[in-house]
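Asks: Provided below are the primary sequence and the corresponding predicted coordinates.
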Amino acid sequence: MFQPKTHYAKIAFDTILFYKTTGQIRKMEESKITPDLKLNLGCIVYIYDLKDTLISYFGNVYPQKLLLYEEIVSNALTAAESSNSKLEKGMENIKVFVDVLSLPQKVDEIIDLNPIKQGVFIKDKTGKSAFVLPNTKALKTGEDQIRFVKNLADLADTDNSELEIMSFKVTRYD
């Protein structure tokens, strides 16, 4: 069975395991939540099989909950729900990763983007948005990232000057 190396991955894995075995959500007492889990950051929870095939993932660039702890729990449950049939083979056949995202920063110059180290989030005035994680294959430049997320958000014909363009960094925890 998967043995998480970090408390971020352990929280996500334990949340999924407890939910799948009991149908309930167990929450940590607030007094036991460490300061790093009290940060207000976005995260993405991934579920992989033991052959490194992605089963499911869920997350947001901007946090939807007050605490990172709550964000991890919520995203782990959503990822598990969307992979229900694949998790039927058992929890011993999965591993869990958590990407913690930095707070997005406004991009002044697209040429300054580093696609290896930075993800990109865009949003238009109507609320259409999309993001891409750093180090995504085939995206070699900031322009590639912008073009990719514009297509995801159905904003391919929108001028960059009409978009909010933000960058963020990701730290993976297993």
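Replies: It's in.

Asks: per-domain residue ranges of the chain.
Replies: Here the domain parsing of the chain from automatic domain parsing is 7-101, 105-169.

Asks: what are the phi and psi values at the residue nearest the centre of the chain?
Replies: For the chain, residue 44 is the residue whose C-alpha lies nearest the centre (C-alpha atoms, centre = their mean; 1.9 Å). With angles defined as degrees, to the nearest 10, residue 44 sits at phi -130, psi 130.

Asks: not counting its neighbours along the chain, what's nearest residue 80?
Replies: Spatial nearest neighbour of residue 80, chain neighbours left out: residue 16 (4.5 Å); criterion: C-beta to C-beta, 6 or more residues apart in numbering. Glycine gets a C-beta too; all of them are placed from N, C-alpha and C.

Asks: mean pLDDT added to the domains of the chain, as JSON lines?
Replies: Formatted as JSON lines, those follow (pLDDT from 0 to 100):
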{"stretch": "domain 7-101", "mean pLDDT": "92"}
{"stretch": "domain 105-169", "mean pLDDT": "96"}
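
Asks: let me have those domains in JSON lines, extended by distance to residue 1.
Replies: Below are the domains of the chain laid out as JSON lines (distance: least, C-beta to C-beta, whole Å):
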{"stretch": "domain 7-101", "distance to residue 1": "5"}
{"stretch": "domain 105-169", "distance to residue 1": "27"}
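
Asks: so which elements touch the longest helix along the chain?
Replies: Taking DSSP state H as the criterion, the chain has its longest helix at helix 7-22. Counting contacts by 3 or more C-beta pairs under 8 Å, 6 or more residues apart in numbering; DSSP states H and E, helix 7-22 is packed against strand 43-49, helix 68-81, strand 94-101.
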